[in-house]
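J.: Kindly return the folded structure for what I paste below:
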Amino acid sequence: MLIVLSRSEAAAAPWIQEEDALYARISVTDEVVEGLRGTRSDAYAEYGITPRTTLSFKAERIRYGNASDFNSDGWRATVRRSLMSIGAFTASAEFGALQGAAIGGRNGCDTLGIEVRSGLSWSGNWRNRQTFAFSEVATRNYEKCRRDRLELGFGQQATERLWNITQVWLERGSPNAQSYKVQSEVLWRGEYADFSIGYRQEIGGVFQEESVFLAVARQF
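T.: Numbering: from 1, shown residues only. Okay, the predicted model is just below:
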């Protein structure tokens, strides 16, 4: 695996962890939604239980200071399975459960639901630089709520330790799920951990939203 992506909203890209390998990440986000300022924090981990199967878990919470009625928490647990690997391409499928509005951002659903996703990833050299790209489609179904998402990502090594990463999320569903988000991130690969800073913005959805986040991650 070339790199494990930093994912504040979608949790994980299609790559599979090696057997017995552990990846962990924490992040803190300062976000503004419709003029309301809040702090989002999340912890994410994934573990390779076989060469083709990866478990993942994410816990997330958002706090809006004096507007406590909008505070929320959430969790997500999945199993990801490699379906095919041909050269630099990997296809995978993922299935799991999730609960809590914090997992879905401003448009999250609060009740228990299931998620199914599939993805295709590529990693290699492009223009003499290490590069990766991926796409994923996902559906989240709850008792009275549904979300369908398309996620795209692209990253390229700028220097020996610095990466530039761009991600896009397109979402539909009911109620009020129309969303178009773009995220730009700079990731520095240290000897013992990865550090990143990024900016995410809603560019055409129902709600106006923008955020800045800091994250640290490590591969074990």
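J.: On the three-state scheme, residue 81 is what?
T.: At residue 81 the chain is in strand, as set by DSSP: H, G, I helix; E, B strand; the rest coil.
J.: ok, now which ones touch it?
T.: Taking CB atoms under 8 Å, 6 or more residues apart in numbering, we find residue 81 in contact with 16, 52-54, 92-94. Heads up, the C-betas are built off the backbone N, CA and C, glycines and all.
J.: Ramachandran angles for the residue lying farthest from the centre of the chain?
T.: Most distant residue from the mean C-alpha position of the chain: residue 66, 27.7 Å away (CA atoms, centre = their mean). Here is the backbone geometry of residue 66 (degrees, to the nearest 10): phi -70, psi -20.
J.: quick one: buried residues of stretch 203-215?
T.: 205, 209, 211, 213, 215 (16 or more other CB atoms under 10 Å).
J.: just to revisit the earlier point, can you tell me which of the contacts of residue 81 are in strands?
T.: Per DSSP state E, strands hold the following members of the contacts of residue 81: 53-54, 92-94.
J.: And the buried ones among these, selectable in PyMOL?
T.: The PyMOL selection below is limited to those of the ones in strands among the contacts of residue 81 classed as buried (16+ other CB under 10 Å):
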select buried, resi 53+54+92+94
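J.: Can you tell me which of the ones in strands among the contacts of residue 81 is closest to residue 61?
T.: Proximity of these to residue 61 was ranked by CB to CB; the top entry is residue 94 with 22.8 Å.
J.: Identify the residues contacting the closest one.
T.: So residue 94 contacts 12, 14, 56, 78-81, 115-119, 138 (CB under 8 Å, 6+ apart).
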